[in-house]
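> mind looking at a prediction? Sequence and model below.
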Amino acid sequence: MVTTQLDQTAVLRQRCIDDMIKYIEEDVAEAQAQGESGEIKVAHYLFIMTFNLIGNLVLSRDLVSSRSIDGHEFYDAMKKLTKWAGTPNVADFFPFLKWLDPQGIMRNMVQDMGQAMRIVEKFVKERTEERRSGRERTNDFLDALLEFEGNGNDEPDVISDQNRRTIILWELGRNYTPETIDMDEGVGITARKLNPLEAKPKRVGR
């Protein structure tokens with residue numbers, strides 16, 4: 001079963017890897033043309049590859065490019081969310097401090113969650129408009145959410161917009177990985193590099 005599923009996504013996974021390499025080559029070439037070193041943050045491109053792979057499986061589309069504003073914002077929001085979720089909160093030990101939020105953890109989580117939600121909402125709205133214009137059904141995860149009809153008893157008749165965004169965000173966010181290569185790790189719900197992995201390409205030409 002698992003092997004079959006992997007085989008079915010092999011072409012898609014290879015395309016996402018090829019796109020990642022293309023983005024790296026394009027960005028390095030442009031940076032070097034401007035006299036810069038062409039140094040890149042590897043995690044950024046790995047994120048794009050993973051995000052687009054999951055995007056195709058869930059939404060039948062690439063979600064970001066290497067220069068996408070949405071991609072950068074979602075990347076930053078998810079990185080911050082994992083950081084806040086794993087940061088020791090003094091209010092957990094002293095409940096009377098919860099309303100004060102002395103470390104600003106809840107305030108920051110709400111802000112970053114809102115940013116990620118707005119990006120997901122944009123994707124959902126685009127699909128909704130496409131369906132209204134007669135776009136052919138893709139039979140993907142988002143179509144299933146949009147067409148869901150409950151029995152009205154132990155489940156809702158339809159999935160609300162808020163819950164739909166939450167489900168999509170969870171599905172995309174659970175595949176968020178930013179780095180576990182060296183032993184210097186930052187605080188978060190996942191271990192990640194304190195200093196992001198960078199690659200310094202060799203300068204081509206003279």
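Noted; the coordinates are in hand. Being a predicted model, the structure only gives us computed values, none of them experimental. Numbering: from 1, shown residues only.
> residue 167 against residue 159, yeah?
Yes: counting by CB atoms under 8 Å, residue 159 is a contact partner of residue 167 at 7.3 Å. For every residue, glycine as well, the C-beta is placed using N, CA and C.
> need the overlap of contacts for the two.
With contacts defined as CB atoms under 8 Å, 6 or more residues apart in numbering, the residues shared by residue 167 and residue 159 are residue 145.
> more neighbours: which of those two?
Neighbour totals were compared for residue 167 and residue 159, and residue 159 leads with 19 against 16 (other CB atoms under 10 Å).
> state the distance from the residue nearest to the more buried one when sequence neighbours are not counted to residue 166.
Spatially, and ignoring its direct neighbours in sequence, residue 159 is nearest to residue 148 (5.1 Å; CB to CB, 6 or more residues apart in numbering). When CB to CB, to the nearest Å is the yardstick, residue 148 and residue 166 sit 14 Å from each other.
> tell me where the chain has strands.
40-41, 185-186, 192-193, 198-199 (DSSP state E).
> in stretch 27-41, what counts as buried?
Of all the residues in stretch 27-41, those buried under the rule 16 or more other CB atoms under 10 Å are 27, 28, 32, 38, 40.
> is it true that the first one touches residue 39?
Going back to what we said before, that points to residue 27. No: here residue 27 does not reach residue 39: they are 10.3 Å apart, not a contact under CB under 8 Å.
> what about the longest helix in the protein?
Identified as the longest helix of the chain according to DSSP state H is helix 105-132.
> give the other helices and strands that it contacts.
helix 69-86, helix 141-146, helix 161-173 (3 or more CB pairs under 8 Å, 6 or more residues apart in numbering; DSSP states H and E).
> check which helices and strands the second one sits against.
What it means is helix 141-146. By 3+ CB pairs under 8 Å, 6+ apart, helix 141-146 packs against helix 42-59, helix 105-132, helix 161-173.
> now the longest one, how far from the chain's geometric center?
A distance of 12 Å separates the centroid of the chain from that of helix 105-132, by CA atoms, centre = their mean, to the nearest Å.
> tell me the buried residues in it?
Buried residues in helix 105-132, defined by neighbour count with 16+ other CB under 10 Å: 105, 108-109, 112-113, 115-117, 119-121, 123-124, 127, 131.
> and which of those is nearest residue 69?
Residue 69 has its nearest neighbour among these in residue 119, at 9.5 Å by CB to CB.
> count of residues packed around residue 150?
Neighbour tally, residue 150, other CB under 10 Å: 11.
> surely it and residue 163 touch.
No: contact status for residue 150 versus residue 163: not in contact, 11.5 Å apart, counting by CB under 8 Å.
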